[in-house]
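> coordinates for the following, if possible.
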Amino acid sequence: MSNKKLFVIVFAAAILGVATGTLINSPQARASFWSNLFSKIDSGFSTSTASSTTSLGLGQSYSPPSSYEQQIINAVKQASPSVVSIIISQDLPVIEQCQAANPFANLPSNLQQLFGNQFNYTVPCQKGSKLQETGAGSGFIVSSDGLILTNKHVVSNTSAQYTVILSNGKKYNATVLARDPKIDLALIKINATGLSALALGDSSQLELGQTAIAIGNALGQFSNTVSVGVVSGLSRTITASGASYGSETIQGVIQTDAAINPGNSGGPLLNSRGQVIGIDTAVVSGAQNIGFAIPINDAKSDISQVETAGSISTPYLGVRYTPIDSALAAQDNLPVSNGALIQGGNGQLAVVPGSPAEKAGLKSGDIIISVDGVNIDQNNTLSDLISSHKVSDTVSLAILRDGKTITVQVTLAQFPNS
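You can find the predicted model right below:
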């Protein structure tokens, strides 16, 4: 019997009790009425409680997880063995206090005594170097033979050493196989076999409001920390920055309110089925749970290339551009509401010297309308369309210049490491 029904019974009994106080004159009859009533109420509570909870004693009850909670628990159990911590170490100078030279050491001893010991002081000095931990991040296993996906900024230091710690505590030295030159992704390798690889989802099917689960080495101290939220936004463009790697503009990222902390970088963002939908990469400083993840579909090509060729081959056009939408078109009085406006900014040139774009004659102020006949819009950005090709492919660009549409053939090159 539900608590709501019991409340109705009790309430009705109270009303009836007032009436029976005058209708039932016999004290014995009134006592029998109330005794029967409370007996029925007590049996109703016992039935209700037994059917929905388990007694823990001392008046406490335990409710089993809901189906939604159980789904999250199962996803975390499935994914956690594949999430790793990455420790960054570097040889740093060991600084000690050394005895400073006495500027009066060449004077006769009787004259040195005039100054006492006031010049016997110490100064910092280097005493060799020592391998020290300088940072931490996260990653996840994408193949059973030890291939791990993480952020490029986690392993950006070419002079550092990297150690991978599995969820079971085992440690392995890691080798950086490839850093993607155009997006914040990298692949590293450990010498291990029989590992559990995470299942990759399809980030093109994401919807606002669906469950998002982040797992990572929070603050570099708390491995396999779990946080749960939702997909808060799609196709965001952000500029991420850090002391060790400068700044980088990343397009098409997933926004989530699942807590992402320093140290979570490179860890997986999962759906409720335990599949990877993104790679945690950045947070907004000073905001409340605004984090970003690179869609997993953007990483699938990198994984495949490293598995087959051992490196990442990225096609390169060589322009800086601003995506055009209706607001920008109205603001700058542009003739189209979709496309890519080639323009520089912040001291950077619109067309990179020596790039395929410069060799093909592209100029600042040109508007690229389409690539191989596919129109550029919010669903098909210039970056996406170029990335869908291979190095050495020749693509046909429709360019709007001085009110006229022209066609330009460009042969794509390998993205430069710089």
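> and the helices in the stretch 101-250 of the chain?
Secondary structure of the stretch 101-250 of the chain (DSSP state H, counting those that start in this stretch): helices at 109-112.
> sec struct for the most centrally placed residue in the chain, please.
By CA atoms, centre = their mean, the chain has its centre lying nearest to D280, at 1.2 Å. Following DSSP: H, G, I helix; E, B strand; the rest coil, the label given to D280 is strand.
> ok, I254 next?
Secondary structure, three-state DSSP: I254 is strand.
> hey, what's S89 bridged with?
S89 has the following beta-bridge partners by DSSP bridges: E133, Q161.
> surely it and Q132 touch.
Yes. Counting by CB atoms under 8 Å, Q132 is a contact partner of S89 at 6.4 Å. All C-beta spots, glycine's among them, are computed from the backbone N, C-alpha and C.
> name the SS class of I73, please.
Local secondary structure at I73 is given as helix here, using three-state DSSP.
> count of neighbours near the nearest residue to it once chain neighbours are set aside?
Spatial nearest neighbour of I73, excluding adjacent residues (CB to CB, 6 or more residues apart in numbering): P65 at 6.5 Å. For P65, the count of nearby residues is 11 (other CB atoms under 10 Å).
> quick one: average confidence on stretch 202-216?
Here stretch 202-216 scores 93 as its mean pLDDT.
> now swap in stretch 160-173 and tell me
92.
> got the contact list for it?
Stretch 160-173 has contacts (CB atoms under 8 Å, 6 or more residues apart in numbering) with 80-90, 131, 134, 139, 146, 148, 155, 174-176, 188, 190-192, 195, 223-224.
> just the buried ones out of those, please.
Burial by neighbour count, 16 or more other CB atoms under 10 Å: within the contacts of stretch 160-173 this picks out 80-89, 139, 146, 148, 155, 174, 176, 188, 190, 195, 223-224.
> just these: which are in strands?
Among those, the ones falling in strands (DSSP state E) are 83-89, 139, 148, 174, 176, 188, 190, 223-224.
> these: which two are farthest apart?
Farthest-apart pair in those is V176 and N224; separation 22.7 Å (CB to CB).
> list of residues touching stretch 396-405?
335-336, 339, 360, 362-363, 365-373, 406-410.
> let's see it at 10 Å
Outside of stretch 396-405, the residues within contact range by CB atoms under 10 Å, 6 or more residues apart in numbering are 317, 319, 334-336, 339-342, 357, 360-363, 365-376, 382, 385-386, 406-410.
> so where's the chain uncertain?
Scanning the chain with the threshold set as pLDDT under 70 gives 1-63, 91-92, 94, 96-97, 99-123, 126, 128-129, 241-248, 417-418.
> can you give me the neighbour number for L341?
Other residues lying near L341 total 22 when counted by other CB under 10 Å.
> isn't it right up against K363?
No. Using CB atoms under 10 Å, L341 makes no contact with K363, being 11.6 Å away.
> helix, strand or coil for A327?
The three-state assignment at A327 reads helix, by three-state DSSP.
> contacts only, for it.
A327 touches S337, counting by CB under 10 Å, 6+ apart.
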